[in-house]
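> For reference, the sequence and a predicted model appear below.
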Amino acid sequence: MMRRALPGWLLVLFLTLLATATDEFVIAGVLKTIAADLDVGVPAAGQLVTVFAVVYALGAPTLAVVFERFPRRTVMVLGLLVFALANAAAAVAPGYWALMAARVLAALAAAVVTSAAFATAAMGAPEGMRGRYLGVATAGMTAALFTGVPLGSWFGGAFGWRATFWLIAGVGTVAALGLLATAPRIAGGEPAPLRERLAPLRNTAVLRLVTVTFLAASGGLMFYTYLAAYTAEVAGGSHGLLSVVLLTVGVAGLLGAVLAGRAADALGPRRSLRLVVGGHALALALAAALVFSGIGNPIVMGAVIAFWAVFAWGLNPPIQGSIMGAAGPRAAMTALALNICGLYLGTGVAGALGGAVIGIAGIGWVPVAATAAMTLSFLLVPPRSAHGARSGGRAPERAPTAVDT
């Protein structure tokens, strides 16, 4: 049977998530310039990253409850326009607190857009292709790590830090226009009491899967956060070697996101989730063993890291498919937003816990601690889908479509 070509709107979703993910991390590359220009310390400038992440994590589930009932295209387009305006405000911010306020607004808009984008990718997918569509959307976030973030940092270095925010504002505007022209008309949930819209918060199956995400993020991103120190510990490290390692992570991560989406379609979201989380735990265990083995070969280390990255960035398609199956189409956006909250809280824990491990035992024990967290995550993965293991990644039952005006 002939494969269906991916629609243009899915590629615009890729661009959308590339922009929102870039906005979160890109500021790290221009922190010193911002600190000098606004006459604040580098630690204070660093809080621009922290505040964005915290607001994003807490805003995603809160705002999803508010916007769940609106058509997805309307939510994404208006959210992207607010996102673009917030970045334009950041570009002209006269001082530190004005820039902080713009970052808060950008984080809130990005949280809404991301939840709606993943819901659109899943609910707009043809039968049997939900995982593949989610994989493409996820790849946009993955690509930000080694394309959007370095490009934005270079752009800021060449033209000033304000130009970085103008660039993101421009990309956000282009994405908004693209979605306005191409995105499918997927209706929001029917009007319902607040108690019903908060149903994912009481759904034990959803909460269990969000915990899987939290633990997986805590373990996987703990290793990623201290990857430079790990590289130096295993293979001596150099700027050139680290650059190759980071490029390897990016390429392997993109491959992992796409393959995980296909696996979710072929095996069903729950079976593919067990495969991804189990493979991730195994990869971290190999990374831990490599530290204590005394093998300092950069090629061996690169192969282990590439193997890890495939699983590390393969989590989103199967976990999102599983969560949508557990929550149902009416509460899909809220449930996905709750999962984003778990992801970002896990990211915050990863950095803090990894730092504590290094302080107590050294960098070599970071992959050991990460393996423990990932093993707990694997043990929490439900063995079968709520609808049986043979769900095959089918698109969820759709709410009736409404005209998106």
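Yep, that arrived.

> Going by C-alpha atoms from here, please, whenever you check contacts or count neighbours.
Fine.

> helices and strands of the chain: which one bottoms out on pLDDT?
Across the helices and strands of the chain, the lowest-confidence element by mean pLDDT, DSSP states H and E is helix 194-197, at a mean of 60.

> Show residues contacting the helix or strand following it.
Using DSSP states H and E, the helix or strand that follows helix 194-197 in sequence is helix 204-225. Helix 204-225 is contacted from outside by 200-201, 277, 280, 284, 312, 319, 322-323, 326-327, 335, 338-339, 342-351, 353-354, 366-367, 369-374, 376-378, 380-381, using Cα atoms under 8 Å, 6 or more residues apart in numbering.

> Name the nearest residue to Trp313, sequence neighbours excluded.
Gly253 (4.9 Å; Cα to Cα, 6 or more residues apart in numbering).

> Now that neighbour: which helix or strand?
Using DSSP H and E, Gly253 sits within helix 239-267.

> how far does that helix sit from the chain's center?
Centre-to-centre, helix 239-267 and its host chain are 13 Å apart (Cα atoms, centre = their mean, to the nearest Å).

> which of the residues in it are buried?
For helix 239-267, burial by neighbour count (16 or more other Cα atoms under 10 Å) applies to 241-242, 245-267.

> ok, which stretches of the stretch 251-400 of the chain are helices?
269-293, 298-312, 316-327, 332-360, 366-380 (DSSP state H, counting those that start in this stretch).

> Between the ones you listed, which one is closest to Gly59.
Nearest to Gly59 among those is helix 332-360; the distance by Cα to Cα comes to 8.1 Å.

> what about the closest one, average pLDDT?
Confidence for helix 332-360, expressed as mean pLDDT, is 84.

> which helices and strands sit right next to it?
Helices and strands touching helix 332-360, by 3 or more Cα pairs under 8 Å, 6 or more residues apart in numbering; DSSP states H and E, are helix 42-67, helix 96-123, helix 204-225, helix 316-327, helix 366-380.

> Any chance of CSV for the ones you listed, columns mean pLDDT and mean neighbour count?
Listed next are these as CSV, based on pLDDT from 0 to 100; neighbours: other Cα atoms under 10 Å:
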stretch, mean pLDDT, mean neighbour count
helix 42-67, 82, 20
helix 96-123, 91, 25
helix 204-225, 91, 24
helix 316-327, 86, 27
helix 366-380, 96, 23
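
> Which of the ones you listed sits closest to Gly296?
Closest approach to Gly296 among those (Cα to Cα): helix 366-380, 16.0 Å.

> Give me the angle between that closest one and helix 332-360.
Orientation of helix 366-380 against helix 332-360 (axes from the mean of the first three to the mean of the last three Cα atoms, to 10 degrees) gives an angle of 150 degrees.

> returning to what we had before: reformat the helices and strands packed on helix 332-360 into JSON lines and put distance to Ser293 next to each item.
Listed next are the helices and strands packed on helix 332-360 as JSON lines, based on distance: least, Cα to Cα, whole Å:
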{"stretch": "helix 42-67", "distance to Ser293": "36"}
{"stretch": "helix 96-123", "distance to Ser293": "41"}
{"stretch": "helix 204-225", "distance to Ser293": "18"}
{"stretch": "helix 316-327", "distance to Ser293": "32"}
{"stretch": "helix 366-380", "distance to Ser293": "13"}
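
> which one of these lies closest to Gly131?
The minimum distance between Gly131 and the helices and strands packed on helix 332-360 falls on helix 316-327, with 5.5 Å, by Cα to Cα.

> what sits up against that closest one?
By Cα under 8 Å, 6+ apart, the list of residues contacting helix 316-327 from outside reads 122, 130-132, 134-135, 138, 200, 203, 205-206, 209, 213, 257, 260-261, 264, 268-270, 272-273, 332, 335-336, 339, 385-387, 393, 396.

> Report the buried members of the residues you listed.
122, 130-132, 134-135, 138, 200, 205-206, 209, 213, 257, 260-261, 264, 268-270, 272-273, 332, 335-336, 339, 385, 393, 396.

> From the centroid of the chain, which residue is nearest?
Closest to where the C-alpha atoms of the chain average out (Cα atoms, centre = their mean) is Met141, at 5.6 Å.

> In terms of pLDDT, where does that residue sit?
Value listed for Met141 in the pLDDT field: 83.

> That one and Ala21 touch, don't they?
Yes. Using Cα atoms under 8 Å, Met141 makes contact with Ala21 at a distance of 5.4 Å.

> CA atoms only for stretch 67-78, dumped as PDB, please.
C-alpha atoms of stretch 67-78 as PDB (Å, rounded to 0.1, in the frame of the first residue of the first chain):
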ATOM      1  CA  PHE A  67      -8.300  26.800  26.400                       C
ATOM      2  CA  GLU A  68      -9.300  23.100  26.100                       C
ATOM      3  CA  ARG A  69     -12.800  24.100  24.700                       C
ATOM      4  CA  PHE A  70     -11.500  26.300  21.900                       C
ATOM      5  CA  PRO A  71     -10.600  25.100  18.400                       C
ATOM      6  CA  ARG A  72      -7.000  24.000  18.300                       C
ATOM      7  CA  ARG A  73      -6.100  26.100  15.300                       C
ATOM      8  CA  THR A  74      -7.400  29.300  16.900                       C
ATOM      9  CA  VAL A  75      -5.500  28.500  20.100                       C
ATOM     10  CA  MET A  76      -2.200  27.900  18.200                       C
ATOM     11  CA  VAL A  77      -2.400  31.000  15.900                       C
ATOM     12  CA  LEU A  78      -3.400  33.400  18.700                       C
END
